[in-house]
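Student: when you get a sec, could you give me coordinates for this:
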Amino acid sequence: MKRTDEFRPVRGLVTGARLCVLLLAVVLAGFSCFQRELDTDLREETALLLERDRESIVPLPSTKEFAEDALIVYAGILVDKVYELSLVSRTFSADGYIWLEWPSSVHDLMEKNGIEPRDIVRLANRVEIWDSLFEPVTAEPRMLSGGRYYQRYRFSSRFYDDEIEFRTDPFGEVNLPVIVEVAAPSMSDKYAEVLLLPHHHANGFMGRSGSLSGYRLNSSSFEPYLHRYSSRFGSWYHPTFSQMRLEMVYQADYWSAFVNWVFPLLIIMAVVLLSPSVAGSLGDVRLAIPSTALLTLIFLQQSYHDELPPLPYLTFLDELFAVGYAIALGLFGLFTWGTNAYAQAEDKDKSAVARRIDRADLVFQLISVLIFVGVGVGAWVRS
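Tutor: Prediction:
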């Protein structure tokens, strides 16, 4: 009886603690439900606002039929040179020519609104305008048969690339766009809806110097799009402008990317995975291998990311680095355990301890190889 009385205060404390935990769980559950409902309402309201004011770029259907009096400007492009690609700033430089052909109805609209030939279109993704060139080749457009007009422009500028995807880097593609968009407000869909369409004689987009160092040209296309702006620009209407997008798709050289980045990583991982083959009695030698490999991996990844912009996701090579870090760290822990176990064993037990360490090393090697290969295959499939 006395023993029960001694534990009664302890039981009371335990019971009180349980009640407090239960009460806290109920409060947190209720707050979570309320917060979830609040978050759901906010998300729905935010989604509606974003949908209403979202900026969108949609392709113009190739099957779309146009009225006979439709205001259509035909556009063509030729890129002479592509150079100075910077993945860090997502920019590249390009030189070339753009030409436009429009009917008399569009020319009448230009005269009515005081639109000069140089102001019909703009390069929508051009940056560093202070150091770029976009100008008509001739002072006045050339008149063609049937009341049509022709104007050619030369450009030399730096462009921003919003299409680069790095998930498969360093083996991915690089999509470099040059965007030609209707510039005059009176040519938006709010007023006249002037449409840009590919010129029927625009059968080649790349010149002889259209290659890019370190990449090979996969494809190029020149397609029409409609660009709806998210801003009303001080009016009641979200304007939509027609645009033409030249998309040059370059593929990284697989062998060069493998030798420059993947092969050094594989060499480091091979050294790491072979290090358990060192005798368990050589603790100092074994401990030095994974720590050295960790530092080498860190420096190699930093050098790799010096050529990339900040990314909100992991690239293919980043996932290989991550599993490499985990394996090297796990190996360091295994070697620490093995060294301590061997050092603390009595002389008569050292042989048995060494055999146990070797068995653990073999299991770790096999599991690490399977994990590294599995993560590599999974990262490639997901990307």
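Student: all strands of the chain, in order?
Tutor: Counting by DSSP state E, the chain has strands at residues 56-59, 72-86, 91-102, 121-123, 126-127, 133-136, 142-143, 149-160, 173-182, 195-198, 206-209, 215-228, 240-252.
Student: now the angle between strand 149-160 and the longest one, please.
Tutor: I take that to be strand 72-86. 30 degrees (axes from the mean of the first three to the mean of the last three Cα atoms, to 10 degrees).
Student: try the last one
Tutor: If you take the same axes, to 10 degrees, strand 240-252 sits at 60 degrees to strand 149-160.
Student: in its sheet, what does strand 240-252 sit against?
Tutor: Strand 240-252 has its sheet partners listed here by DSSP bridges as strand 173-182 (antiparallel), strand 215-228 (antiparallel).
Student: what's the answer for the fourth one, then?
Tutor: Sheet pairing for strand 121-123, assigned by DSSP bridges, gives strand 173-182 (antiparallel).
Student: so residue 261 sits against residue 307, correct?
Tutor: No: between residue 261 and residue 307 there is no contact under Cβ atoms under 8 Å: 9.9 Å. Every residue, glycine included, has its C-beta placed from N, CA and C.
Student: compare those two (neighbour count), which wins?
Tutor: residue 261 (22 against 12; other Cβ atoms under 10 Å).
Student: residues contacting that one?
Tutor: Going by Cβ atoms under 8 Å, 6 or more residues apart in numbering, residue 261 touches 170, 304, 317.
Student: distance of the first one from residue 271?
Tutor: Right, the one you point to is residue 170. In this view, residue 170 and residue 271 are 22 Å apart by Cβ to Cβ, to the nearest Å.
Student: same check on the second one?
Tutor: Applying Cβ to Cβ, the value for residue 304 to residue 271 is 19 Å.
Student: those two: who's more crowded?
Tutor: More neighbours surround residue 304 than the other of residue 304 and residue 271, with 19 against 15 (other Cβ under 10 Å).
Student: confidence score at that one?
Tutor: On pLDDT, residue 304 comes in at 93.
Student: same thing with residue 61?
Tutor: Residue 61 is assigned a predicted lDDT (pLDDT) of 74.
Student: in terms of mean pLDDT, which of the strands of the chain ranks lowest?
Tutor: Averaged per stretch, pLDDT over those is lowest on strand 206-209, reaching a mean of 67.
Student: the bottom helix or strand of the protein by mean pLDDT?
Tutor: Every helix and strand of the chain was ranked by mean pLDDT, DSSP states H and E. The lowest is helix 2-53, at a mean of 47.
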